[in-house]
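Asks: the following comprises the amino acid sequence and a computationally predicted model.
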Amino acid sequence: MSTRLRVVLGAALLTVATYAIAQEFRGGHPDTYVVKRGDTLWDIAGRFLKRPWLWPEIWQANPQIANPHLIYPGDVISLAYLNRLAAEPGPRTEAPINAIPLSQVESFLKDLRVVDDFDDMPYVVGLEDDRLRSAQGQLAYVRGLGASRPGDRYMVLRPLQRYSRLDREQACCDRFHKTDLDFRGERTLLSNSYWTDPAGVYWDTRKGKDFLGYELQRVNAGTVTRGEVDGIEASTLLLDESNAEVRIGDRVVPVEPQTYDLQFFPHPPKQTLDYGRARVLAVADMLTAGGPRDVVALSVGAREGVDNGTVFSVWRVGSNAVDRVQYGEERTEDSVSFRKKVRLPDEYASHVMVFRTFDKISYGLVMEGVKPTRMGYELKHPDAAY
């Protein structure tokens, strides 16, 4: 191929790529924007792009950006050569901005975790003065901390709820279920749940094939003042937080350094998921529906390739309606077989971005939408059209 032909083809490909990228920019976007404290990556991406989840593809085309994950207050973002985003570094005197507001998800990062099992964790076996509850400044006695030493820090966790996926045969209403737990992992009715109850049926799913995980909530923390010595079979833990009272059966784990990361990009899912596998499990704050900046629990996690920053579109699942024109106005839902019902289209509700990922479950923040996000709604690629 001649040098001239290669130059012509290269210019043509560059023109096509430039045009494609230009189509992603929002009309009327600012020419420049100075990053401010309190900004988020999603908000800034939304100023320039029609689809904020394409932010990485455009930024990564810029060789002058050493680390596009780190954007700081004072940085000047502008549309540069060939309609690509560029950044002029600011003073770098503050921490980089986060992808989403930390204040709106902090409790879900610090206070909640999902595990496959908690039976083998150390647990509170007794309380000072044989109380039923102990609080800040009081003692809790923990069994299973044989290797602990005075001065060691531990947090106290409580099994909060169990998540499961219903089989198709069991799914009379929804395919997912969350159940509040007592300290043994058995169902109870708690008044301090983070989530709404997404189903009205109860059944035994303990570690079955559709079991997704146990959610544990941090209720307190403390310092070991005495270990298991002189025939004493429980370590002494001095509680020092005012979060919640501790009770017998609460689990105990070492205090860990920060285990979460908000320095991530919004991006589409890494793989296509089978329809019905990825759904909204529950809505936070015991609500039945969520809107922008509300937290939702999702039925997929790391095993499905989901990581922090993954963006889904959320869809109301289309109803199976009785065709009363064909079968008569008097026909009820129960009088018509499933095969004779009309499957209606799914309806777009919102976009949600994952900020905390576990093996089979993740937490996401609703970013924007046109209708409420509810339990059981389907998760799809953010560009899905139906």
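Replies: It's in.

Asks: SS state for F312?
Replies: Using DSSP: H, G, I helix; E, B strand; the rest coil, the structure places F312 in strand.

Asks: am I right that it is in contact with Y377?
Replies: No - with contact defined as Cβ atoms under 8 Å, F312 does not count as touching Y377 (9.9 Å). All C-beta atoms are positioned from the backbone trio N, CA, C, and that covers glycine.

Asks: now do the strands in the stretch 151-300 of the chain.
Replies: 153-165, 176-180, 211-226, 235-239, 251-254, 280-283, 289-290, 295-298 (DSSP state E, counting those that start in this stretch).

Asks: return the most buried member of the ones you listed.
Replies: strand 280-283 (a mean of 28; mean count of other Cβ atoms under 10 Å).

Asks: report the mean confidence score over that strand.
Replies: For strand 280-283, mean pLDDT is 91.

Asks: which helices and strands does it pack with?
Replies: For strand 280-283, the elements it packs on are strand 176-180, strand 295-298, strand 373-374, judged by 3 or more Cβ pairs under 8 Å, 6 or more residues apart in numbering; DSSP states H and E.

Asks: worst average pLDDT in those?
Replies: Here the helices and strands packed on strand 280-283 differ in mean pLDDT, and the lowest is strand 176-180 at a mean of 54.

Asks: low-confidence regions, this structure specifically.
Replies: For the chain, applying pLDDT under 70 flags the ranges 1-23, 29, 59-69, 79-85, 166-209, 286, 327-339.

Asks: C-alpha coordinates for stretch 310-327, PDB please?
Replies: The C-alpha trace of stretch 310-327 is given here as PDB (Å, rounded to 0.1, in the frame of the first residue of the first chain):
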ATOM      1  CA  THR A 310     -20.900  -0.600  36.700                       C
ATOM      2  CA  VAL A 311     -23.900   1.200  35.300                       C
ATOM      3  CA  PHE A 312     -27.200  -0.500  34.600                       C
ATOM      4  CA  SER A 313     -30.500   0.800  33.300                       C
ATOM      5  CA  VAL A 314     -33.500  -0.300  35.400                       C
ATOM      6  CA  TRP A 315     -36.700  -1.400  33.800                       C
ATOM      7  CA  ARG A 316     -40.200  -2.200  35.100                       C
ATOM      8  CA  VAL A 317     -40.900  -5.700  33.900                       C
ATOM      9  CA  GLY A 318     -43.700  -5.800  31.300                       C
ATOM     10  CA  SER A 319     -47.000  -7.300  32.600                       C
ATOM     11  CA  ASN A 320     -48.700 -10.400  31.200                       C
ATOM     12  CA  ALA A 321     -52.100  -8.900  30.400                       C
ATOM     13  CA  VAL A 322     -55.300 -10.600  29.600                       C
ATOM     14  CA  ASP A 323     -56.500  -9.800  26.000                       C
ATOM     15  CA  ARG A 324     -60.000  -8.900  26.900                       C
ATOM     16  CA  VAL A 325     -60.800  -7.900  23.300                       C
ATOM     17  CA  GLN A 326     -60.200 -11.500  22.300                       C
ATOM     18  CA  TYR A 327     -61.400 -13.400  25.400                       C
END
